[in-house]
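Trainee: Any chance you could fold what I've pasted below:
(one chain, ligands or ions: 3)
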Amino acid sequence: MSNRVIPIRDIRRDKTIPRARVLRAPGEPLRDTRQRRLHDLRISVTDRCNFRCTYCMPKEVFGKDHPFLPHSEVLTFEEIVRLARLFKQHGVRKIRLTGGEPLLRRNIERLIEMLADIGGLELTLTTNGSLLARKARALKDAGLDRVTVSLDSLDDAVFQAINDVEFPVAKVLEGIEAAAAAGLTPVKINMVVKRGVNDHCIVDMARRFKGSGHILRFIEFMDVGATNGWRMDDVVPSAEVIRRIDAEMPLEPIDPNYEGEVAQRWRYRDGGGEIGVISSVTQAFCGTCTRARLSTEGKLYTCLFASAGYDFRALLRGGASDEEIADAIAAIWQARSDRYSEIRTKETARMQKIEMSYIGG
Ligand code: SAM
Ligand code: SF4
Ligand code: SF4
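Mentor: Ligands and ions are numbered 1, 2, ... in the order given. Below is the predicted model of the structure:
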């Protein structure tokens, strides 16, 4: 690989990437300025969604007039797969498709097949579950390994107040069971906990999925984007979630599956399976963060809370060679120093950041 790195101009900030300081020797993993490897790539395949979760795409902002990306600006499957191959060369071993709602992207199964053909990549997808009952089998057949399904309550009134489109719990549960039956296992279930909104549902959720083989994970409400009106008071610390469940169904901590695992794992002492907590606010895990994110229109972000990304679509559509694109990935990763969750304050929470539905959760 040559040492030449082409600068990428960021369309928001006209930011120019520095030349890669030291390009890795072949076979050596790429490391950022804090010695973190590049291991996971999250790809947002659409910025659209059929839900309007109040903490993610509030209707006041994502209403009828919201300027979603036109088709021509969205990366094609061929462009996504080309980038995925180049990221794999740099050490990526896990790809998560997300959005927006990834199952709204037409022929998503075809994209999964194309990514599976690369080989050596674990393929996962995060979904709101609304279309999963219909699609689980085809997703599995295409080569998807696992799914994570978001579900914030088992109570229709609470769930519908969050999704804001009157979507019923029962349909998401159907999707979860279809995913399990298709072998997309273990199915993980993500519950974002917001104080005063659904924190009274924590123990119900735990009870419902205990012994089911699915892994329920509680996520602290985060200050992603600039539209969800985040306040620290709305965050229920994971320690409190664990205390509340443990009081009824005793828990004990277990070791992570691998270094850098986002969720802290706990298991029921009576053998009823495990749960996880993702404590991005109260116990930041930036020190082991190995994730890069590719937005729907092909910008690369090295942190969920970034305010600017690097325009890979311009490279792809401007005739850059594989070598040039791979060098750009290396330069960006090697210059990376992100650690937003470690330095979050009331002030940073108010900063302009990219919306999660666009950057991919
Ligand atoms: N639409 C899909 C879904 O909901 O699963 C995929 C995209 S969504 C942005 C990915 C994950 O981010 C979901 O589990 C969602 O609950 C979570 N999420 C969205 N906004 C969040 C926030 N402000 N704090 C914490 N998690 C959030
Ligand atoms: Fe859509 Fe997922 Fe955001 Fe809810 S969390 S609005 S389902 S993208
Ligand atoms: Fe990674 Fe940024 Fe989240 Fe820290 S704040 S864990 S660097 S995505």
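Trainee: can you give me the helices in the stretch 151-300 of the chain?
Mentor: With helices called from DSSP state H, counting those that start in this stretch, the stretch 151-300 of the chain shows them at 156-163, 169-182, 202-209, 238-248.
Trainee: how about low-confidence regions in the stretch 1-150 of the chain?
Mentor: 1-27 (pLDDT under 70).
Trainee: Now do the strands in it.
Mentor: In the stretch 1-150 of the chain, the segments counted as strands under DSSP state E, counting those that start in this stretch are 40-44, 94-98, 122-127, 146-150.
Trainee: rewinding a little: quick one: closest of the helices of the stretch 151-300 of the chain to residue 124.
Mentor: Closest to residue 124 of those is helix 169-182 (Cβ to Cβ; 11.4 Å). Bear in mind the C-beta positions are built from the backbone N, C-alpha and C, glycine included.
Trainee: what comes up buried for stretch 320-336?
Mentor: 320, 324-334, 336 (16 or more other Cβ atoms under 10 Å).
Trainee: and it with ligand 3, contact?
Mentor: No. Counting by Cβ under 6 Å from any ligand atom, ligand 3 has no neighbours in stretch 320-336; the shortest distance is 8.4 Å.
Trainee: Please report the distance of the closest residue to residue 82 other than its chain neighbours from residue 301.
Mentor: Spatial nearest neighbour of residue 82, excluding adjacent residues (Cβ to Cβ, 6 or more residues apart in numbering): residue 316 at 6.8 Å. In this view, residue 316 and residue 301 are 16 Å apart by Cβ to Cβ, to the nearest Å.
Trainee: Just grab the bridge partners of the closest residue to residue 150 other than its chain neighbours for me.
Mentor: Spatially, and ignoring its direct neighbours in sequence, residue 150 is nearest to residue 190 (4.7 Å; Cβ to Cβ, 6+ apart). On the basis of DSSP bridges, residue 190 is bridged to residue 150, residue 217.
Trainee: OK, now which residue of the stretch 201-350 of the chain is nearest to ligand 1?
Mentor: Distances from the stretch 201-350 of the chain to ligand 1, computed as Cβ to the nearest ligand atom, single out residue 222 as the nearest residue at 3.6 Å.
Trainee: and the residue of the stretch 251-361 of the chain nearest ligand 2?
Mentor: residue 357 (4.6 Å).
Trainee: Relative to residue 208, how far out is that residue?
Mentor: 27 Å.
Trainee: thinking again about what came up before, now distance to ligand 2 and mean pLDDT too, for the helices of the stretch 151-300 of the chain, in a markdown table please.
Mentor: Shown next, in a markdown table, are these (distance: least, Cβ to the nearest ligand atom, whole Å; pLDDT from 0 to 100):
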| stretch | distance to ligand 2 | mean pLDDT |
| --- | --- | --- |
| helix 156-163 | 6 | 98 |
| helix 169-182 | 10 | 98 |
| helix 202-209 | 16 | 98 |
| helix 238-248 | 19 | 98 |
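Trainee: hmm, back to that, for the residue nearest to residue 82, helix, strand, or coil?
Mentor: Three-state assignment for residue 316 (DSSP: H, G, I helix; E, B strand; the rest coil): helix.
Trainee: circling back to that earlier point, tell me how many other residues crowd the closest residue to the residue of the stretch 201-350 of the chain closest to ligand 1 other than its chain neighbours.
Mentor: Leaving aside its sequence neighbours, residue 222 sits nearest to residue 280 (Cβ to Cβ, 6+ apart; 5.4 Å). Residues lying near residue 280 (other Cβ atoms under 10 Å) number 23.
Trainee: now swap in residue 71 and tell me
Mentor: Neighbour number of residue 71 under other Cβ under 10 Å is 7.
Trainee: Give me the distance between it and ligand 1.
Mentor: 19 Å (Cβ to the nearest ligand atom, to the nearest Å).
Trainee: Ok, residue 36 next?
Mentor: Distance from residue 36 to ligand 1, by Cβ to the nearest ligand atom: 21 Å.
Trainee: For ligand 1, give me its nearest residue in this protein.
Mentor: For the chain, Cβ to the nearest ligand atom, closest residue to ligand 1: residue 361, 2.5 Å.
Trainee: Skipping its backbone neighbours, what lies nearest that residue in space?
Mentor: residue 98 (5.5 Å).
Trainee: so the one you found makes contact with residue 108?
Mentor: No. Counting by Cβ atoms under 8 Å, residue 98 stays clear of residue 108, with 11.3 Å between them.
Trainee: tell me, what's touching these two both at once?
Mentor: residue 45 (Cβ atoms under 8 Å, 6 or more residues apart in numbering).
Trainee: and the chain, which of its residues are near ligand 3?
Mentor: Going by Cβ under 6 Å from any ligand atom, the residues of the chain near ligand 3 are 285-286, 289, 291, 303-305, 338-341.
Trainee: would CSV of those residues with pLDDT, distance to residue 114 and neighbour count be doable?
Mentor: Listed next are the residues of the chain next to ligand 3 as CSV, based on pLDDT from 0 to 100; distance: Cβ to Cβ, whole Å; neighbours: other Cβ atoms under 10 Å:
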residue, pLDDT, distance to residue 114, neighbour count
285, 89, 31, 17
286, 93, 32, 17
289, 95, 27, 26
291, 95, 22, 20
303, 93, 27, 21
304, 91, 26, 22
305, 89, 30, 24
338, 92, 29, 20
339, 91, 34, 17
340, 86, 32, 20
341, 89, 33, 23
